[in-house]
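# 3D model of this:
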Amino acid sequence: MRLPVRTWLLSLCLLAPPAWAQVCVPGQPQLYGELFEDAQAVLPDGKSLVDAIANQPPAAIVAEYEHARTRPGFDLRSFVTERFAFPRAANDAYRSDPGQDVRAHIDALWPVLERKPAPGDARSTLLPLPHRYVVPGGRFNEIYYWDSYFTMLGLEESGRHDLAVDMVRNFAWLIDHYGHIPNGNRTYYLSRSQPPFFAAMVELLAARDGPATRATYLPQLAAEYAFWMEGADKLAPGQAHRRVVKMADGTLLNRYWDDCDTPRAESYRQDVETASQSKRPSPEVYRNLRAAAESGWDFSSRWLDDGKTLATIRTVDIVPPDLNSLLYRLELTLAEAYRAASQPDRARDFERKAEARKTAINRLLWDESKGMYADVSWKDGRSTGHVSGATAYPLYFGIADTARADRVAQRLRQDLLQPHGLAATATRTGQQWDLPNGWAPLQWIAIDGLRQTGQQALADDIARRWIAHNIATYRATGKLVEKYDVTGDAEAGGGEYPLQDGFGWTNGVLRRLLALYPEQTRD
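Take a look at the predicted model:
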């Protein structure tokens, strides 16, 4: 008998959670076969099908399809919609008041985006969580890993520390059960993670609850580190394994990865089309698309070999400064957690690891010719030359010295600063993580990183441009959205789906920025 996919997944994970991430398991494309592929052509959003709940067993639906599809007048869209309960947008019923103060609007929106613990449904791809959490909004009706850190910044400003704590508890639970934090709490996200902000989340809680917080989450911090570093001890110089790279000189750094090399279930049609346009084997293209999804920058010229065509994607060949800055923060937090747990030898070990990574980032990921931290090809050690908001991460996490911070500030001002904030990159490709789009997390990383390194004037300039555009859009539409066109007054676009409103990390970053720049709410 074929088990429902989530039941099968959970039983496997309970048997061997530490090894989970190395297993690529089947999902809806395999369960529904040709029906799944054919449905991509009649549904406006492929994610809606993998999030839908079937009203009968998959085998029965497939059998019905095989029988019904040959009949005259067969309507595939009607067939699918009659057999699946499709999700509604996360904030579909909410109506805002554009005249309301934007801070009050954000505070009122948290309960709309909050999800409470609920029993799991074996027919659903949703992984049940034991505590409350906040979803981004729109089509994203599940928790997302790196989104949540920026959402938590706003929760703290809104006086919702209790909800921020619950979100960290959920991430700890996910690590305990699956060996890592998935991209989101869906079965189809289990083969990858996202930018590892768990340590930064723990630090956010520790700032209020005290240093013992780090010791509380020590087991999960250590497990997350083991996930990202798995296989490091077996690599020779110039080799890579999963998320670890050993550079030619023997230095250990990290890259993004995914344990599957098949089309993403939630973007199946797009991935098949991209692979068909490439001259490389399809599994290689799928792996790189998935790795870019793990990066959160899906998609961007950062990952493209020719800088413009998605079919040339090569994410797994790149060592990025943002990921390695996050792992530096994780190593420092682990050192502090071991010290809080009275394990000084382990604390010193992680201090050494952190210092070695800091040195490596400044030596290997610094592009002297452009004055920025850059993505680097681990195979030849060369900078890709792409200017992106990722260059600000070493400022935010205390890696950059004053001289490098000054040059990064110049690069941001020269290449990425736009009328309404920072663009994600300086390149137009039609992908959503490129010019003309700006994203809340990149604004926050740059603004706070610049503030920490003495670049107050530029930080203030970026913040005021971003806040003003967020508020102007809110007053015109009643919405805070996923991303913004920072070059003008057009609506942001690009990527695989329409612009989404809600929106978790935009709300969180704006709420935090308004605490730093309260005068910006005045006309």
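
# and the closest residue to residue 39 other than its chain neighbours, how far from residue 74?
Of all residues beyond its chain neighbours, the one nearest residue 39 is residue 80 (5.2 Å), with distances taken as C-beta to C-beta, 6 or more residues apart in numbering. Using the backbone N, CA and C atoms, a C-beta is placed for each residue, glycine as well. Counting by C-beta to C-beta, to the nearest Å, the separation of residue 80 from residue 74 is 12 Å.

# where in the chain is pLDDT low?
Counting by pLDDT under 70, the chain has low-confidence residues at 1-23, 25-26, 522-523.

# okay, which residue is most central for it?
Taking C-alpha atoms, centre = their mean as the criterion, residue 296 is the residue nearest the geometric centre of the chain, at 3.6 Å.

# ok, it - contacts?
With contact set as C-beta atoms under 8 Å, 6 or more residues apart in numbering, residue 296 has these partners: 146, 194-195.

# one more pass at 10 Å, please.
Residues touching residue 296, when contacts are defined by C-beta atoms under 10 Å, 6 or more residues apart in numbering, comprise 144-147, 183, 194-195, 197, 256, 322-323, 433, 439, 441.

# how about the residues you listed in TSV, adding neighbour count and distance to residue 353?
As requested, those are exported to TSV (neighbours: other C-beta atoms under 10 Å; distance: C-beta to C-beta, whole Å):
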residue	neighbour count	distance to residue 353
144	23	28
145	25	22
146	24	22
147	26	27
183	26	25
194	22	22
195	24	19
197	24	19
256	26	20
322	29	18
323	24	15
433	26	30
439	26	30
441	22	26
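
# so which bits of the host helix or strand of residue 204 are buried?
Remark: residue 204 resides in helix 198-209, with elements defined by DSSP states H and E. Going by neighbour count (16 or more other C-beta atoms under 10 Å), the buried part of helix 198-209 is 198-206.

# which residue packs closest to residue 394, ignoring adjacent ones?
Counting by C-beta to C-beta, 6+ apart, residue 400 is the residue found nearest to residue 394 once chain neighbours are left out, at 4.5 Å.

# neighbours around the one you found, how many?
As a burial measure, residue 400 scores 28 neighbours (other C-beta atoms under 10 Å).

# same question for residue 454.
The local packing of residue 454 (other C-beta under 10 Å) involves 12 other residues.

# is it true that it touches residue 409?
Yes: look at residue 454 against residue 409 with C-beta atoms under 10 Å: they come within range, at 9.1 Å.

# tell me which stretches of the stretch 301-450 of the chain form strands.
Taking DSSP state E, counting those that start in this stretch, the strands of the stretch 301-450 of the chain run over residues 318-319, 366-367, 372-373, 376-377, 417-418, 421-422, 437-438.

# and the most far-flung residue of the chain relative to its centre, what element?
Most distant from the centre of the chain: residue 72, at 44.8 Å, with distances by C-alpha atoms, centre = their mean. Under DSSP H and E, no helix or strand contains residue 72.

# shift numbering so it begins at 628
Yep, numbering from 628; the last one is residue 699 now.

# so residue 786 sits in a strand?
No: checked against DSSP: H, G, I helix; E, B strand; the rest coil, residue 786 lies outside a strand; its state is coil.

# what's the spacing between it and residue 778?
As defined by C-beta to C-beta, residue 786 lies at a distance of 14 Å from residue 778.
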